[in-house]
Structures are given as structure tokens and as C-alpha cells.
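> The following block contains a protein sequence and its predicted model.
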Amino acid sequence: MVTKTDILIAGAGAAGLTAGIALAQAGFEVAVRGEPDTRRNGRTVALFEASLRLYRSLGLWDRLAALAQPMETIQIIDDTGSFLPTPPLDLHADEIGLKAFGANIENAVLVGALAQIARQTPGLSLKDGMLGDYGFEAGLARARNSDGEEIEAQLIIGADGRNSPLRAAAGIAHRDWAYPQTAITALLVHSRPHWAASTEFHTRQGPCTLVPLPAQGGNRHRSSLVWLMSPEDAARRMALGDPELAAEIETQVHRLHGKISLEGPRGAFPIAGLTCETLIAPRAALVADAAHYFPPIGAQGLNLGLRDVAQLADTLDKYGRVDAGDEAALRAYDRARRFDVGTRSLGIDILNRSLLWNFLPADAARGAGILAMAAIGPLRRALLREGIAPPGRLPPLMRAQAAAP
Ligand SMILES: Cc1cc2nc3c(=O)[nH]c(=O)nc-3n(C[C@H](O)[C@H](O)[C@H](O)COP(=O)(O)OP(=O)(O)OC[C@H]3O[C@@H](n4cnc5c(N)ncnc54)[C@H](O)[C@@H]3O)c2cc1C
């Protein structure tokens, strides 16, 4: 028997599940196929205000908020040892009229909660399995799930991550590259409070960031760690025991949070970049990591991916009612996402390379940017809004009112 649906989504990560829920709520018949990955690996996602608005618009935020920690302050500390050191930069959410910049949540917890919500969403069928045997014809797209299920849809959305098999099957050209870095992730318990602040130490091997987490069980002070370093250092540190790694983290973060211990397993992620020539092909569209990938700096990855999701849901709601795979609708989606995806990917690439590049003019340019942000209030507020909830061009699902400070 063949399953027929309006929209098939490949991938049950945070992006695929959110897209499934948004499109089903908009009245489309949606099938999501993939395996929600709820294994803990020390990885969290800091979701900024625009992403929280999406979850508020979908009526999900009350459920997710209980699992997340608000971030009220962002601190950037120059730890490069450059000849031109810049003073620490403290950014506060109330400067841009917000109570918090966003909230930090464990990735596995977010995916688990979204999968549970997806299973209760009318019009949405979520099943385990990996899709393959894609076919794209006039008027129809097909795929086969690894359990043998044949599926026909008007549109297939690729939310199938950085190595996206859908992207390859649809013939969407991409360019990818590697950076000489690996990110170690871990959940930390510490002796001093984090004061709802995310602290980014900019080192020569990349940023080392502590992001606040909510209290859990008897542990009152918790944070997540994203520490970029050379692959050799990462291999050595991944081989350390928990107390030895905790001691190296304490040194790296200048004992900011006092005594540290590790909670649960850690993760190691090779750092890479990827851009696509387009986000669409006949009867196919890409969102999130399938469409763009860059280093975890400034917590932009999933936030950008959720803007894809919100835009695609809005565009299909407006122009895809008769045929969700309508060519003009897909073109409108691609056009709407081009600038945000292009500028964000380029900005993160430049910032990451400027840290790796031990070259005075690069330090001077980065330092001048940080000094200008510290000294010029209107510039700082404009850049903050750009990073947290880009004004003017957000899709309607992300335009809901923010929580007042
Ligand atoms: C160390 C680190 C820290 C980060 N921190 C942040 C942060 O603070 N804030 C932020 O916004 N972003 C952050 N990011 C980025 C963010 O985690 C990703 O952008 C986000 O998880 C991508 O979600 P996704 O659903 O697109 O992809 P994935 O999470 O990769 O999910 C894709 C899913 O598709 C499945 N799949 C693959 N092929 C198929 C198939 N053929 N059929 C069915 N399913 C398939 C995979 O199994 C997977 O489950 C971070 C990333 C890293 C590495």
C-alpha cells in the first residue's frame, strides 16, 4: 500500500519535527520519517527570541520553557593573547527591550519533547525509519522508508542534516569545507551561579563558551560547554577522565564558575561549513543543516534553520494550498531565505577565521568591531537585534509579541 500525503519531511531532528508541527497546524497532511535522536551528548541549543516566538506561535513554548534556562546576558572575553587585546563586552537583553535573549535547552531534551508533541498533532504522522529511493516527477515526489513503506507527496522537505541524502537525490549543488577544529560539548555542574549569563572566551583555537542551564535534581548551578580546539587537542581531552577534563575546563574559563564537574556523556563535533546553490529543486525544499552549516559560534545554527522552517510554513500557507510543491511557491521560499542564509553563513565564517588567523590586522579588525559595539549604543543595539531577532524580515510566525522585560 502507498501512503499519500501533501508533504513528506525527511529527518526527525529539531528542524524536521518543528516543520512537521507547523505545517500540520497550518492544515497540511504531513508525514515525518526519521529517528528522533534523544541520546545525550553534552550538546545544547541556545534558542534566541525569534525562535521562541515561533514556538509561542505554535503553542509549544509553555511546554518547552520548563526545560530551558533563560539567557539574560552575553559576555564576550578576548582570550586570544593578542598584542591588541579588547576589553570584555557585556550585552544585556534589556538593552533591546527583552527580558532574556533567549533560552538554552539540551538538544536531546528538545528533540524528545518535539517528538512527543508531533505524535499528538492531528494531521501529522511520525514514524521511525530512513528514507531513500527518491523520485521526482511532474506533479509528484516519491520515497521509500527503510521499513518498506512507499510514500507519495506533492513536496519532500529535506530536514535530514548536514549530509542530506535528499539534497543529493534532488541534485542541489553544494560546497562544503572543513576547519582545523573540533568542538567538545559537555554538561557541567559548578559551585558558583551563572547569573543567567552566557560567556564566550575567544581563544586562538576558537571560542570556548559556557551557556547557562536550569537547576536539575540537587544540582543548582549547571551550564553547557562548547569548546572549539584543534582536532589533536580534542582527541587528547576526549581521552581524559572526567575529573582531569573538568580541571582543564576550569583553567580555560579562568575559574569563572568555581569548581566544575561533568554531568553525563560528552560529545565531539568536527567543525565544518556548507552552503547550497539554492534551497529548492522540483518538488523538494531544504531547511536547516541540510541547507547550511557553519561553526557553532554565537549560537546561530538552529536559529537560522528555524527561520527557514517558519518562512517555508508561511510561504506554503499562502501559495501552496492547491499544490504544496508548486514551483512558484518554492521559488518564493528560496528568494525569501537567500539574504539571511548568505549573510549569516559568511559572517560566522569570517569571525571563526579571524580567531584562527594569528595576524595583527585581523585582530585589529575584530577588536575594532568589539570596541565599537562597546562604545556605540545604537550600533550595539542594532547588531544585537540582528543576531537575536532580525527586524523587518522575519516570517509572520516569528513576529508575535516578545515577553516584556
Ligand atoms: C557543538 C554544537 C553546538 C551548537 N549550538 C547551537 C546553539 O547554541 N544554537 C543554535 O541555534 N544552534 C546550535 N548548533 C547547531 C544546531 O545544533 C543544528 O543547527 C541543529 O541541530 C540542526 O538540526 P537539524 O534538524 O537540521 O539537523 P539534525 O539534528 O542533524 O537532524 C537531521 C536528522 O535527519 C536524519 N536523517 C538523515 N538522513 C535521513 C533519511 N534519509 N531519512 C530520514 N531521516 C534522515 C538524521 O538521522 C537526523 O536525525 C550547534 C551545533 C553544534 C555541532
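Okay, I see it. Just so you know, these numbers come straight off a predicted model, no measurement behind them.
> need the residues of the protein near the ligand, please.
10-16, 33-35, 37, 43, 45-46, 107, 130-132, 159-161, 165, 183, 185, 226, 269, 288-289, 296, 299-303, 305 (Cβ under 6 Å from any ligand atom). (Each C-beta comes from the backbone N, C-alpha and C, glycine too.)
> If any of the residues you listed are buried, give me the PyMOL selection for them.
PyMOL command restricting the residues of the chain next to the ligand to the buried ones, with burial defined by 16 or more other Cβ atoms under 10 Å:
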select buried, resi 10+11+12+13+14+15+16+33+34+43+45+46+107+131+159+160+161+165+183+185+226+269+288+289+296+299+300+301+302+303+305
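> For burial, what's the neighbour tally of residue 218?
With neighbours defined by other Cβ atoms under 10 Å, the count for residue 218 comes to 6.
> and residue 77, that's in a helix?
No - using DSSP: H, G, I helix; E, B strand; the rest coil, the assignment for residue 77 is strand, not a helix.
> residues near it, how many?
Residues near residue 77, counting by other Cβ under 10 Å: 21.
> got it, and the one 3 residues further on?
Here the neighbour count serves as a burial measure; for residue 80 (other Cβ under 10 Å) it reads 20.
> same deal with residue 340?
Going by other Cβ under 10 Å, the residues that sit close to residue 340 add up to 17.
> What helix or strand is it located in?
helix 327-356 (DSSP states H and E).
> Buried residues of that helix, list them for me.
Buried residues in helix 327-356 (16+ other Cβ under 10 Å): 329-330, 332-334, 336-337, 340-341, 344-345, 347-349, 351-352, 354-356.
> circling back to that earlier point, which ones among the residues of the chain next to the ligand are found in strands?
The strands, defined by DSSP state E, take in 10, 33, 45, 46, 131, 132, 183, 185, 226, 269 from these.
> farthest-separated two in those?
Using Cβ to Cβ, these reach their maximum pairwise distance at 46 and 132, which is 33.3 Å.
> Can you tell me the closest non-neighbouring residue to whichever residue of the stretch 101-250 of the chain sits closest to the ligand?
Residue nearest to the ligand within the stretch 101-250 of the chain: residue 161 (3.0 Å; Cβ to the nearest ligand atom). Among residues not flanking residue 161 along the chain, residue 289 sits closest, at 4.9 Å (Cβ to Cβ, 6 or more residues apart in numbering).
> and the gap between the one you found and residue 165?
13 Å (Cβ to Cβ, to the nearest Å).
> And for residue 77?
40 Å.
> which ones are touching residue 344?
Contacts for residue 344 (Cβ atoms under 8 Å, 6 or more residues apart in numbering) come out as 292, 294, 300, 304.
> burial count for the last one?
What that stands for is residue 304. Residues lying near residue 304 (other Cβ under 10 Å) number 24.
> What pLDDT does the model give the closest residue to it other than its chain neighbours?
Once flanking residues are discounted, residue 304 sits nearest to residue 344: 5.3 Å by Cβ to Cβ, 6+ apart. Among the per-residue scores, residue 344 holds a pLDDT of 84.
> Residue 351 too?
So residue 351 comes in at 77 (pLDDT).
> What about the nearest residue to it once chain neighbours are set aside, how many residues nearby?
Residue nearest to residue 351 in three dimensions, not counting chain neighbours: residue 297, with 5.9 Å by Cβ to Cβ, 6+ apart. Using other Cβ under 10 Å, residue 297 has 22 other residues around it.
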